[in-house]
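Asker: Build me a structure from this.
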Amino acid sequence: MVVNCGTMKTAILFSIGLCHFANALEVHEWGTFTVLSGPSGDQIPWYASYHDLARLPPFVSSGLGFKAGMATIRMETPVLYFYPEKEMAVTVDVSFVNGSIAETFPHSSGGSVAFGPPYQTPLFAAKWTGTLHPPTDKKALAEIPAILASPNAEPYGAAREVPDAWIFESDLKPTPGSPVQHHFPQVEKFIFYRGVGNDTIPVTARVQGDNVTVENNWIEALQFGVALRVRDGKAAWVRVPVTAGRPVKNTPAENMAEITFPPLDRPVAEVENELAAEWKKVLAQSGLTPAEASAMVETWRSTWFRESGERVFLLMPQAPVDAMLPLEISPTPEKTTRVFVARIEMISDQTGARLIDILSDTNTIDDKKFADFTALDLGRFGAGATDIAVAIQRRRMTDKFHSLIKFGAKAEN
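Answerer: From the prediction side, this is the model:
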């Protein structure tokens, strides 16, 4: 593990000038699970377009395209860093329970395939085999593919800003005659992958007006989280208090937190910088190195803190991460640290009602209607928000139907 040499009790200094514990291998990982929540806290399928996927550098494998389309949960940008005692061969296997591994780099060289509901969807795991080289290995560094100057650099390139991470060189080789020719050799400062699934996370969050309710149904307590609101260039955030795990038997229920947004009166840039510093500190306290924590925040800085909307970010306990995303590494690491954030994007009743008004208008679409729609600034959550609006309208119509039946029964009496 890379540490601060001034605070390390038992360390050895390698000839490359890095400070490590004398373990055979230590692995660090960070990632995000993103879900969309309706007014009742239900997690709703939402859409990812191929345009979003195209933002990754072209050398990243697109998998089988499962990341696009509607899904309940998206596992966004897990990154595995390796800190071995010496150069070594490693094998990594990862699977996503009730989901599939999608984009990868280096490309997955194999993995198991299962079939799951609702329509016997193929669920793909991933496997990598390769060699770890020191971070100063000039040959390996030269083989890492360049990221061309473009918007694609933002969600991927920041993960490379971890100087002490060892370099992974995949054993994967070109296939003669293959119609798909990837970048070879397959060399990177980490293993990158993404996934998509139709499960939920056992934490709900919902917003009504300025009030946010978070309910934790994990066994473990939620130690850190924030709720963020971004609208019209302004932002407001509030900390989610420590929230106990779900009640066991007859113990009192303390797994729910109620919080209130402060006034929406601060510039987005100011709040963004404040939250970025806060999360870097928390992620480092959770086991990532400062460079890894910074890489994670910088990867997601724009979408976490600038996207319009209302969302909750929660630091996940490692046990549910291990259960949702089984990971096997050979040789077995002395220590594996997995730091994941749950992002819960919330759609309120108010937003749903405004969307209903826009979509229910049968008049011809004009500039004003388009402006009203774009003002909602739903982005990649627009299709999911539409499904929420339809559910709200269905509930209203059902309530109206039952009210009419009751009215009729009273009239007969």
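Asker: in the sheet, who's paired with residue 267?
Answerer: Taking DSSP bridges as the rule, residue 267 bridges to residue 234.
Asker: what residues are up against it?
Answerer: Taking C-beta atoms under 8 Å, 6 or more residues apart in numbering, we find residue 267 in contact with 233, 234, 235. For glycine as for every other residue, the C-beta is placed from the backbone atoms N, C-alpha and C.
Asker: Restrict those to the buried ones and give me that as a ChimeraX selection.
Answerer: The buried residues among the contacts of residue 267 can be selected in ChimeraX (16 or more other C-beta atoms under 10 Å) with this line:
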select :235
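Asker: For the contacts of residue 267, please prepare TSV with the additional fields distance to residue 245 and pLDDT.
Answerer: Compiled in TSV, these are given as follows (distance: C-beta to C-beta, whole Å; pLDDT from 0 to 100):
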residue	distance to residue 245	pLDDT
233	38	92
234	35	95
235	30	97
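Asker: Name the nearest of the contacts of residue 267 relative to residue 222.
Answerer: Residue 222 lies nearest to residue 235 out of the contacts of residue 267, by C-beta to C-beta, at 22.2 Å.
Asker: I'd like to know how far that closest one sits from residue 24.
Answerer: Distance from residue 235 to residue 24, counting by C-beta to C-beta, to the nearest Å: 45 Å.
Asker: ditto for residue 255
Answerer: Taking C-beta to C-beta, one finds residue 255 at 39 Å from residue 24.
Asker: Between the two, point out the one with more neighbours.
Answerer: residue 255 (20 against 12; other C-beta atoms under 10 Å).
Asker: Phi and psi next, for the residue nearest to residue 92 when sequence neighbours are not counted.
Answerer: Once flanking residues are discounted, residue 92 sits nearest to residue 128: 4.6 Å by C-beta to C-beta, 6 or more residues apart in numbering. Here is the backbone geometry of residue 128 (degrees, to the nearest 10): phi -130, psi 140.
Asker: neighbours around residue 128, how many?
Answerer: By other C-beta under 10 Å, 25 other residues sit near residue 128.
Asker: In this structure it contacts residue 191, no?
Answerer: Yes - assessed by C-beta atoms under 8 Å, residue 128 is found in contact with residue 191 at 5.8 Å.
Asker: shared neighbours of those two, anything?
Answerer: 92, 104, 106, 168.
Asker: between the contacts of residue 267, which is closest to residue 157?
Answerer: Nearest to residue 157, judged by C-beta to C-beta, of the contacts of residue 267 is residue 235 at 25.3 Å.
Asker: So for residue 114, what's the pLDDT?
Answerer: Predicted confidence (pLDDT) for residue 114: 56.
Asker: One more: residue 21?
Answerer: 45.
Asker: so residue 369 is in which element?
Answerer: Secondary structure assignment for residue 369, by DSSP states H and E: helix 367-375.
Asker: Show me what that helix is packed against.
Answerer: Judged by 3 or more C-beta pairs under 8 Å, 6 or more residues apart in numbering; DSSP states H and E, helix 367-375 is in contact with helix 349-360.
Asker: Would you mark the buried spots in the helix it packs on?
Answerer: Neighbour-count burial for helix 349-360 flags 349, 351, 352, 354, 355, 356, 358 (criterion: 16+ other C-beta under 10 Å).
Asker: can you check stretch 392-408 too?
Answerer: 392, 393.
Asker: go on, stretch 276-288?
Answerer: For stretch 276-288, by 16+ other C-beta under 10 Å, it's 276, 279, 280, 282, 283, 284, 286, 287, 288.
Asker: Once you drop chain neighbours, what's closest to the last one?
Answerer: For residue 288, ignoring the flanking residues on the chain, the nearest one in space by C-beta to C-beta, 6+ apart is residue 339 at 5.3 Å.
Asker: now do the first one
Answerer: With C-beta to C-beta, 6+ apart as the measure, residue 297 is the residue that lies nearest to residue 276, at 5.2 Å, once sequence neighbours are left out.
Asker: what's the one you found sitting at in phi/psi?
Answerer: Dihedral angles for residue 297 - degrees, to the nearest 10 - are phi -60, psi -40.
Asker: Restricted to helices, list the buried residues of stretch 276-288.
Answerer: 276, 279, 280, 282, 283, 284 (DSSP state H).
Asker: Those residues into TSV, with extra columns for pLDDT and distance to residue 388?
Answerer: Shown next, in TSV, are these (pLDDT from 0 to 100; distance: C-beta to C-beta, whole Å):
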residue	pLDDT	distance to residue 388
276	97	29
279	98	28
280	98	33
282	98	30
283	98	31
284	98	36
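Asker: Among the residues you listed, which pair sits farthest apart?
Answerer: The largest separation in those, counting by C-beta to C-beta, is between 276 and 284 at 12.7 Å.
Asker: My guess is residue 257 contacts residue 243. True?
Answerer: Yes - with contact defined as C-beta under 8 Å, residue 257 counts as touching residue 243 (4.7 Å).
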